[in-house]
Structures are given as structure tokens and as C-alpha cells.
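# quick one, what's the 3D model for this:
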Amino acid sequence: MHDTVERPAREVYVAALETPPADRRRLDWLRWPTRMIGAALGVLDEPSFGDVVVRRIDDASEVLRLPVTGSEETAILLDDVRGDLEALSADEFAERWTLGD
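Numbers count the residues shown, from 1 in each chain. Model prediction:
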């Protein structure tokens, strides 16, 4: 890849929970009536808490965005991504998460 072969992923990338893009937030408002009806029928559907986003540290460019729904899924995915940032080289991380970097 670039100069990332031996560098730890944590030195090249950072992961955080970010607000979804505006167009997706608008669609979420349209889904609320469906969620309310589902909740009345006993169907639980947690709203999105945001997206797990991976960015390059050097230029803050976004290399991966993963939409998540629900608090448990959000916590698990963010923990998985951050764990891989600690454990893998930058190239291994890019390959595992199929970054278009």
C-alpha cells in the first residue's frame, strides 16, 4: 500500500461514532411513524445512534463509514474497530475492513 506496511493502524487511522449524513437523518424522520406503530404492536426497533467512522489521522479523510442501529450493536462494532486499530498494522487493518484507501 503506502508507507503503512509496518506502522500500527492506530498511528494511521482513528475510529469514532459520528452523526449520520443529513440525507439519512431526514429519512429517519420519515421512519418514525412506522417505529411508533411497531412499538405499539410490541416490536422493538432502536433508532440509529450514528455511524462508526474511520478516518485517516494525517488528513481526516473518511475511509470507512458503518451505519449501526441500537446501543448494543454500536458498542460492539466500535469496540471491534478500535481493537483492530490497536492489534493490527495499518495494511492489515485496511485489508480486514476493505478500506478504499
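# who are the contact partners of the closest residue to residue 87 other than its chain neighbours?
Distances taken as C-beta to C-beta, 6 or more residues apart in numbering place residue 9 nearest to residue 87, at 8.0 Å, with adjacent residues excluded. To be clear about C-beta, it is placed using only N, CA and C from the backbone, and glycine gets the same treatment. Residue 9 sits next to 84, 85, 86, 87, 88, 89, 90, 92, 93, 94 when contact means C-beta atoms under 8 Å, 6 or more residues apart in numbering.
# with just CA atoms, put stretch 64-71 into CSV.
Coordinates of each C-alpha in stretch 64-71 appear next as CSV, following Å, rounded to 0.1, in the frame of the first residue of the first chain:
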residue,chain,number,x,y,z
LEU,A,64,-15.0,3.8,6.2
ARG,A,65,-18.5,4.5,7.4
LEU,A,66,-20.6,1.8,9.0
PRO,A,67,-24.2,2.7,10.0
VAL,A,68,-25.3,1.0,13.2
THR,A,69,-28.6,0.6,14.9
GLY,A,70,-29.1,0.1,18.6
SER,A,71,-26.9,0.7,21.6
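# going forward, count from 39.
Fine by me, first position is 39 from now on; the one you just mentioned is stretch 102-109.
# thought residue 48 was touching residue 124?
Yes: with contact defined as C-beta atoms under 8 Å, residue 48 reaches residue 124; the gap is 5.7 Å.
# higher neighbour count, those two?
residue 48 (17 against 10; other C-beta atoms under 10 Å).
# tell me who's in contact with the residue lying closest to the more buried one once chain neighbours are set aside.
The shortest distance from residue 48 to any non-neighbouring residue, by C-beta to C-beta, 6+ apart, is to residue 123 (4.6 Å). Residues in contact with residue 123 (C-beta under 8 Å, 6+ apart) are 46, 47, 48, 51, 52, 53, 131.
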